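Peer 1: Fold the following.
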Amino acid sequence: MKTTILRTIAFVFILGASNLYADQTNICTDGQQERVISIVYQDQATKVPCDVEYTSNGQTKTLWHADNEAGYCEEKAEEFIQKQIEWGWRCEKQ
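Peer 2: Got it, this is the predicted structure:
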């Protein structure tokens with residue numbers, strides 16, 4: 001029973017994630033702390049709609065979203081990465 005539930009949860013997660021792609025992921029570290037800044041595209045060809053997601057302490061938040069403006073998410077993500085670096089974090093693209 002438990003195995004069936006876990007398989008169902010995994011299947012639903014994979015199915016839901018199949019329409020979204022994190023084209024750009026940056027991992028920022030400071031000592032043992034880690035932050036993840038990702039751009040998630042709903043359409044690989046047009047790059048919009050898109051979201052800039054920020055994961056910290058196991059919680060993910062959408063910081064910015066664009067429906068029609070190509071390049072907006074990339075610009076916002078890069079600005080936020082630069083702020084992390086200014087604050088002493090070390091960021092690397094994955």
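Peer 1: can you list the weak-confidence ranges in this structure?
Peer 2: Residues of the chain meeting the criterion pLDDT under 70: 1-21.
Peer 1: Please, where are all the strands along it?
Peer 2: Taking DSSP state E, the strands of the chain run over residues 21-30, 33-41, 50-56, 59-66, 90-93.
Peer 1: In the sheet, which residues pair with residue 39? Tell me.
Peer 2: Following DSSP bridges, residue 39 is listed with bridge partners residue 24, residue 52.
Peer 1: That one: neighbour count?
Peer 2: Neighbours of residue 39 under the rule other CB atoms under 10 Å: 23. Quick note: C-beta positions are derived from backbone N, CA and C, even for glycine.
Peer 1: wait, it sits on residue 54?
Peer 2: No: between residue 39 and residue 54 there is no contact under CB atoms under 8 Å: 10.9 Å.
Peer 1: what about the residue most central in space within the chain, distance to residue 50?
Peer 2: Centrality entry for the chain: nearest residue to the mean C-alpha point is residue 38, 2.8 Å, by CA atoms, centre = their mean. Counting by CB to CB, to the nearest Å, the gap from residue 38 to residue 50 is 10 Å.
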